[in-house]
Structure formats: C-alpha cells, structure tokens
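> Please find the sequence and the predicted model below.
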Amino acid sequence: MESNNKKPQHKFIQVIKEFFAEIFAELVVAGVPLGVGFLVVILCGIEGQTDVEEIALIGCVAIVLAIVLGYGVWTLVKKIMITKKLGQQFKDWFALNSTNMREVGWKRKLTKQVQGIVRFGTVALFVVSLINYIFMVSDFNKFYVSPRPDGGVTASQPFLKGTGGSDNFRIPAMVTLDDGTIISATDARWNHLNDSSGLDTIVSVSKDNGATWQYTFANYFGDNGNVRNDASTCFIDPALATDGQRAYMLVDVNPSGYAVSSSYYTPLKGKVGFDDQNRLLLRSKDSVKVPFGGLTYGVACHNANYDYCLDYTDNTKTAYGIYNRNTGERVDGYEVDLFFNITYFEDGEKKESNLFYHTSPYQVYPTSYLYLTSTTDGINWSAPTLLNLKGNGEEAILVGPGNGVYDKANDRLIFTCYYHNWYEPEYASLIWRDADGNWHRTENVTVDGWSSESTAVLIDENRVRVFYRGAEEVVFYTDMVFDQARGNYFRDPNATEVKTNATKTANCQMSSVLCRETYDGRQWIFVSTPTGKDRARKDGVIHAFALESDGSMTLVASRPVNQGPFAYSCLTQLKDGTLAIIYESGAGEIIFERVDGNGIWSQFNQTE
C-alpha cells in the first residue's frame, strides 16, 4: 500500500475554495455572455459601415440578453413549479430574503448575495436598455422643424421664465457698446437643463440700463421643436466681446444627436471638420448605411469618407455650392445659403434641410464647431463663420462662455476656449483674430493644472490675464504675453498659474472685467464667482482687485451678490461707469443686477 504524503487540506481553505468556485460559476453563467456581447459591440463598432453589421450587432446583443435572462428565468420557474411560492422565490432569486446566517453559514449567504447582485444587475441593464431604445426610436422618428419664435419685450429682466417660450435658461453672457446698449445672451434650454438635446441662443437688448429689454433668437435651428430631444442639434455656451461699435458672439454648435454630454453620440478624435483649404467637409447621407439611432452610427459617421466640401470662405457670396473633392466638380441640384440651409429637389419636389441635420442629403463631420456672428444693435445678426481651430487629437474645442476682450491698439478680438477629451484634463487657451481677419490659437494657459472654462482681461496691449475655472477653491490666473517675433501669445513664465487669496467655488465658471477708470492711482479688476464649499454653486461675490505697478494684484474687497444659488455669471461696465452682472440664480433662472450708485467705487470698501 502506497503512503499518501499530501498534507490534509485545512477546512478553512476548503471553504474558501468552494465559495469562490460557486461565485465563479455564477459569473460564468451570467457574466460571460454579457462580456461576449460587449466584445461584439466593440468589434462591430470599429467600422460599422453597413446595416448588415448593425443588424448582426443587435442580434448578438439580443441573443446574449436572452441567454442570461433565460437561464435565470428557467431557474426561477423550476423553483416555482416545485414550491408554488412565487413571492418567496422571487425574493430568493434576487437574494432579497433575510436569510439566517446561522442556518446557511456565512459562505452560502455571501454567495447568494453576489448571485442576487449579478442577476438583478442583468435584469436592470435589460430594462434600462429597452426603455432607452424605445425613447431613441421615438426621438429619431418624429423629426420636424419648428419656425423661429417671434421676438418680444420684457421689463426689468432680460430672460424671465417663459421668455420666447423657454422655461429654462443657462450660461449668461453680456457686453456694453459705446452708446450704452447692453447686449446679453444665454442658452434657451426650453423644457430641460441638459447640456445638449436641442438648445438655441436667445439674445436680449436694453437701451435704458436694464429697465426694459427686447429679445430675439440669434441662433436657432428648430429641429424637433422647442423641447428636449437628444437627437437634436444644439447651440451652447455663448461668449460676447465688443470693439465698442459691434458685438461679436461665439458659441459652440453641434450637429444632430452630438455633444460632449447628454446626447446620443459624442465627438471622436481624428478629424477637425475642415480640409487643408479651410473648406467644410461633407459626406453624402448614403455613405453611412447604419441608420441614425443605430448603436454604431456615431462610429460609422466618424469613419465615413468625406468626399465633398462646402467652400464658404468667400464671404461675398449669398449662396454656395457643394463640390466633389476628388473631381473638383460642383454637385448639380444643391444650393446652400449662408446659414447652412440646403435646398434641393427630390422626385420633382423642392426640399429644404440643413447641413447640421441628420436628414440632410449632405452632412458635416460630427464634432463641435466654433460659430461666430456679429451685430451692431443686438437684434440683427450677421451670417455665421465657422472657425477652424480644433486639433486632430481633440474630441471637441469649446467656448469659454461669458465675455471676450478687444485689444483696440492692435485690432485683436480675443476669446477663451478649451479642448475636451473624455478621461483627460481640460486645458484652456486663447483664440484671437488679427487685424487682417485671420484667426489663431495659443498654447495652453496652464501647464499641469486643469483649467477648462476661463475668462480674460486685457492688462495692456500685449498682455492678457486669464482667470480659469480649475479645481481649486481660490482664484488662479495666468498671463499670456504677445511675442512679436513668434506672432502669438505665450505664457509668461513669471506669471503662470498664480495663486491669489480670493475664494471661489471649485469647478465653476467665473467672469472678469477691467474697469476703464483708475482709482487711487491704480487700475481695477473685478471677478465674479460663487464661493460655496465642496463645489456648491452658491453665495456669489464680486472680488475687487487693485492692479499694482509690478503686475501683481491686491484683493481689496469682496462684495456679496446673493446668498443662495449662484453659478455661471458675466460682468460688464455700463456707460455711466457702474457695474452690472448677469448670473444664474437657480435651476434655469437668470438674473440681471446693477451695482447701484454713482460709479463703482462707492460700492466697495477700499480699506486695505
């Protein structure tokens, strides 16, 4: 008889092995099919160019869900057939019953809890996916275009609830022209507060220091009506700047169903939306076989061939043609106006659409675009210009909302922007137009620090001070200095990521303004920001900084604006020298307020 030299296994080790064996078996049955399903999604989504692949993908996902649910339901049915206790078996299947640990032991109890989590998660995923798909189908199948809402007049406030038919507003911007006209802008978010899903830009103008306002929709697409629809286009995040005579507005615009959040599809890295001649890239609708709303539609559009273009660089034209980039020939039967509305004939019937709609026969590359317009009165706006400033390695380039600045000495129009890539920090930079009308972009405002949305003031003709959102609870800034030899703005190494002693809320936009007058022999910069702790957007203040001769700033005072909700804001100095602020005071609410008094200084305690 052979001797057994193996040591007997400790009972505790055996229990642990059995426990993990049961857990592994449960995960194999319920988890592996899900993993296969996600793998199929990834593999099919790499190209996703045909409806055959789309159907195959949906079929695989359906089979996976059927296997997972079928296994669980069959197990449940067998138990019900044996015990006839339906309610108890449901509880047991989801591990919702209060099992006595002494009766079954901790190993079995924990196993059952993990089983319940896996099963419950599978069912929840299926139900949520089904509901989401139903809403998606509804959104995609009810496309229509609403007429632009009429303008109107309001008293005391520019964006009262219900103005223009919208119940919600976000992201205010404001400037003052030399003649005293106040121009304010914000997102009309209609019946929701999403950062996409059908937003338009409403503008309101006052010629009597805010006593009365006249509003109009400066940017409006109207697809799918004035309601939330995740399949819609959107204009978002206005910024305003002025040279005193004309106001310029920069916003983000996104095509149907696309945005960096709250939308069906998100932009991807790889293309900028323009060719090397600054022509707007287009693809034919038929080049993507996956239907709009399909799981791989976004990837398919990204990978499609953009063989057509719109040469809209000639601003003397009133309409443009679509050209084949391979042959150079114009495509017959299609005409595009200055607002990207396309007119064509189909089966002898005249049709109209827009290059940003998913129904258009020719469509733009799916990314965010910088959309610039201008006005002399705030009511009548110019045709837009799309700025080609996005990098290939960026998913989106986005506007720093609020206010831009104008350098009169050099005739430079300056805005802030930032690029967005998921799971990466957002970095701010300047975009600026030179005296010849050419647009440029600078290096990032910060080196290591996350900056995102930012606001700027012109310290002198070659120095721009940028205050940025960041993740800190104090105000930071960086000076961008123009280098004549290199023809652009660069970070001042002695004034990069400078920390002040002014408090702010982490992760929220701010606004800034440099006052025209000097006081006590110094220039003054005002910064508006919420000051709530732990990212609570509340308790707005206006910080008053004195600009010292060496370029540093001294915080002299902080004037409370309100106690309570306070988020995004924008400052402007009125013609009479007083300060005005427009800010978010709650969910969907925008408030305009003058800092009353004869001049700014009477409102701040100048004691140092």
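Structure's in. What do you need? Numbers count the residues shown, from 1 in each chain.
> From now on I want contacts and neighbour counts done on CA atoms only, so please keep to that.
Noted.
> Look up which helix or strand the residue sitting nearest the centre point of the chain falls in, please.
With distances taken as Cα atoms, centre = their mean, the residue of the chain nearest its centroid is residue 260 (4.8 Å). Residue 260 is part of no helix or strand, with elements assigned from DSSP states H and E.
> Can you classify the residue lying closest to residue 306 once chain neighbours are set aside by secondary structure?
Counting by Cα to Cα, 6 or more residues apart in numbering, residue 283 is the residue found nearest to residue 306 once chain neighbours are left out, at 4.4 Å. At residue 283, secondary structure determined by DSSP: H, G, I helix; E, B strand; the rest coil is strand.
> how close does residue 283 sit to residue 370?
Computed with Cα to Cα, to the nearest Å, the distance linking residue 283 and residue 370 is 20 Å.
> Quick check: nearest residue in space to residue 386, chain neighbours excluded?
Distances taken as Cα to Cα, 6+ apart put residue 371 closest to residue 386, at 4.9 Å, once the chain neighbours are dropped.
> Determine the number of other residues adjacent to the one you found.
Residue 371 has 22 neighbours, counted by other Cα atoms under 10 Å.
> The one 5 residues further on now?
The local packing count at residue 376 equals 17, with neighbours defined by other Cα under 10 Å.
> wait, what's in contact with it?
245, 246, 247 (Cα atoms under 8 Å, 6 or more residues apart in numbering).
> in its sheet, what does the helix or strand harbouring residue 480 sit against?
Assessed by DSSP H and E, residue 480 sits inside strand 474-483. Strand 474-483 has the following sheet partners, assigned by DSSP bridges: strand 463-468 (antiparallel), strand 488-491 (antiparallel), strand 498-503 (antiparallel).
> buried sites along stretch 246-266?
247-260, 263-266 (16 or more other Cα atoms under 10 Å).
> Just those residues: which are in strands?
Among the buried residues of stretch 246-266, the residues falling in strands (DSSP state E) are 247, 248, 249, 250, 251, 252, 253, 254.
> Looking at those, which one is closest to residue 351?
Proximity of these to residue 351 (Cα to Cα) peaks at residue 254, which lies at 22.3 Å.
> For residue 208, what is the enclosing helix or strand?
Going by DSSP H and E, residue 208 is not in any helix or strand.
> Which parts of the stretch 251-400 of the chain are strands?
For the stretch 251-400 of the chain, the strands defined by DSSP state E, counting those that start in this stretch occupy 280-284, 308-310, 319-320, 322-324, 334-337, 341-346, 349-354, 362-364, 369-375, 385-387, 396-399.
> Residues contacting the third one, please?
The set of residues external to strand 319-320 that reach it, using Cα under 8 Å, 6+ apart, is 310, 311, 312, 335, 336, 337, 338.
> ok, 6 Å please
With Cα atoms under 6 Å, 6 or more residues apart in numbering as the test, strand 319-320 has contacts from 335, 336, 337.
> Across the sheet, point out what pairs with the second one.
In this structure, residue 336 has the following beta-bridge partners (DSSP bridges): residue 320, residue 342.
> Check the gap between it and residue 371 for me.
Distance of residue 336 to residue 371, given as Cα to Cα: 17 Å.
> Same question for the last one.
Taking Cα to Cα as the measure, residue 337 falls 15 Å from residue 371.
> now the helices for the stretch 201-350 of the chain?
Along the stretch 201-350 of the chain, counting by DSSP state H, counting those that start in this stretch, helices occupy 297-303.
> Report all helices and strands that whichever strand or helix holds residue 592 contacts.
Here residue 592, judged by DSSP H and E, is contained in strand 589-595. Of the remaining helices and strands, those touching strand 589-595 by 3 or more Cα pairs under 6 Å, 6 or more residues apart in numbering; DSSP states H and E are strand 579-586.
> For the closest residue to residue 297 other than its chain neighbours, give its distance to residue 153.
Ranked by Cα to Cα, 6+ apart and with sequence neighbours excluded, the top spatial neighbour of residue 297 is residue 290, at 5.6 Å. Distance, residue 290 to residue 153, using Cα to Cα: 45 Å.
> of these two, who's got more company?
residue 290 (23 against 17).
> Could you report the neighbour count for the residue nearest to residue 269 when sequence neighbours are not counted?
Using Cα to Cα, 6+ apart and skipping the chain neighbours, the partner closest in space to residue 269 is residue 395 (4.6 Å). The number of residues packed near residue 395 is 23, by other Cα under 10 Å.
> Check residue 395 and give its pLDDT.
We note a pLDDT of 93 for residue 395 in this prediction.
> Next up, the contacts around it.
Per Cα under 6 Å, 6+ apart, neighbours of residue 395: 267, 268, 269, 421.
> Count the neighbours of the first one for me.
Here the count is done by other Cα under 10 Å, and residue 267 has 24 residues near it.
> Next, the nearest residue to residue 391 once chain neighbours are set aside: phi, psi?
Excluding the flanking residues, the one nearest residue 391 by Cα to Cα, 6+ apart is residue 272, at 6.3 Å. Phi and psi for residue 272, reported as degrees, to the nearest 10, are phi -110, psi -10.
> So the nearest residue to residue 261 once chain neighbours are set aside: helix, strand or coil?
Closest residue in space to residue 261, ignoring its immediate chain neighbours: residue 195 at 6.3 Å, by Cα to Cα, 6+ apart. At residue 195 the chain is in coil, as set by three-state DSSP.
> Pull out the buried positions in the strand holding residue 592.
589, 590, 591, 592, 594, 595.
> for stretch 484-491, same thing?
So, applying 16+ other Cα under 10 Å, buried residues of stretch 484-491: 488, 489, 490, 491.
> Please convert those to JSON lines, extending it with distance to residue 349 and pLDDT.
Below are those laid out as JSON lines (distance: Cα to Cα, whole Å; pLDDT from 0 to 100):
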{"residue": "488", "distance to residue 349": "51", "pLDDT": "98"}
{"residue": "489", "distance to residue 349": "52", "pLDDT": "98"}
{"residue": "490", "distance to residue 349": "55", "pLDDT": "98"}
{"residue": "491", "distance to residue 349": "57", "pLDDT": "98"}
